[in-house]
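# My questions are about this predicted structure, shown below with the sequence.
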Amino acid sequence: MPKYLLEIGTEELPADHVPEAQERLKNLLAEALRQANVSFGDIVTLGTPRRITCVVDGLSPVTKTVSKKVKGPPVKSSFDAADKPLAAAAGFAARHGVSVLDLGREEMGGVEYLIA
């Protein structure tokens with residue numbers, strides 16, 4: 001797996017602040033990679049008063065596919081008698097970046113809901 005090098009040039013940091021800067025950069029980079037669904041191995045940090053670096057080992061070249069199911073409004077309040085979408089269905093679809101035609105339906109507790 002590839003390695004990734006992140007290097008940040010700094011003005012003259014006080015030498016006693018370098019370890020804290022390394023730790024913060026490592027934590028921020030790890031969190032950013034997790035939020036982007038990129039898998040990675042170890043992160044090693046190096047630093048001097050003028051440069052902070054992170055070497056990420058085992059960086060995945062692709063992100064993980066994530067699918068999520070979101071419960072929307074009840075179907076009975078989302079469509080009119082002619083089965084045309086009302087504001088509830090259109091707004092729910094727009095909030096989740098899908099077309100009203102792409103919304104699914106699922107029954108939960110005896111009530112049918114829209115699903116994105």
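In hand now; what should we look at? Numbering: from 1, shown residues only.

# can I get the CA coordinates of stretch 59-69 in PDB?
C-alpha atoms of stretch 59-69 as PDB (Å, rounded to 0.1, in the frame of the first residue of the first chain):
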ATOM      1  CA  LEU A  59      -3.200   4.600   2.800                       C
ATOM      2  CA  SER A  60      -6.000   3.200   0.700                       C
ATOM      3  CA  PRO A  61      -6.100   4.500  -2.900                       C
ATOM      4  CA  VAL A  62      -9.900   4.600  -2.800                       C
ATOM      5  CA  THR A  63     -12.600   5.500  -0.300                       C
ATOM      6  CA  LYS A  64     -15.000   3.000   1.200                       C
ATOM      7  CA  THR A  65     -18.500   3.000  -0.200                       C
ATOM      8  CA  VAL A  66     -21.000   4.100   2.400                       C
ATOM      9  CA  SER A  67     -24.700   3.600   2.100                       C
ATOM     10  CA  LYS A  68     -27.200   5.100   4.600                       C
ATOM     11  CA  LYS A  69     -30.900   4.700   4.900                       C
END
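
# quick one: the residue minimising distance to the centre of the chain and residue 102, what's the gap?
Among the residues of the chain, residue 35 comes closest to the average C-alpha position under CA atoms, centre = their mean, at 4.0 Å. Applying CB to CB, to the nearest Å, the value for residue 35 to residue 102 is 25 Å. For the C-beta atoms, the positions are set from N, CA and C on the backbone; glycine is no exception.

# what's the answer for residue 79, then?
15 Å.

# again with residue 42
40 Å.

# about what we covered before: which one's more surrounded, residue 79 and residue 102?
residue 79 (15 against 10; other CB atoms under 10 Å).

# In this structure that one contacts residue 90, no?
No - look at residue 79 against residue 90 with CB atoms under 8 Å: they stay out of range, at 10.4 Å.

# quick one: the strands in the chain?
Assigned by DSSP state E, the strands in the chain fall at 4-9, 43-48, 51-56, 71-74, 104-108, 111-115.

# looking only at pLDDT, what's the mean for the longest helix along the chain?
For the chain, the longest helix by residue count, based on DSSP state H, is helix 18-35. For helix 18-35, the mean per-residue pLDDT is 95.
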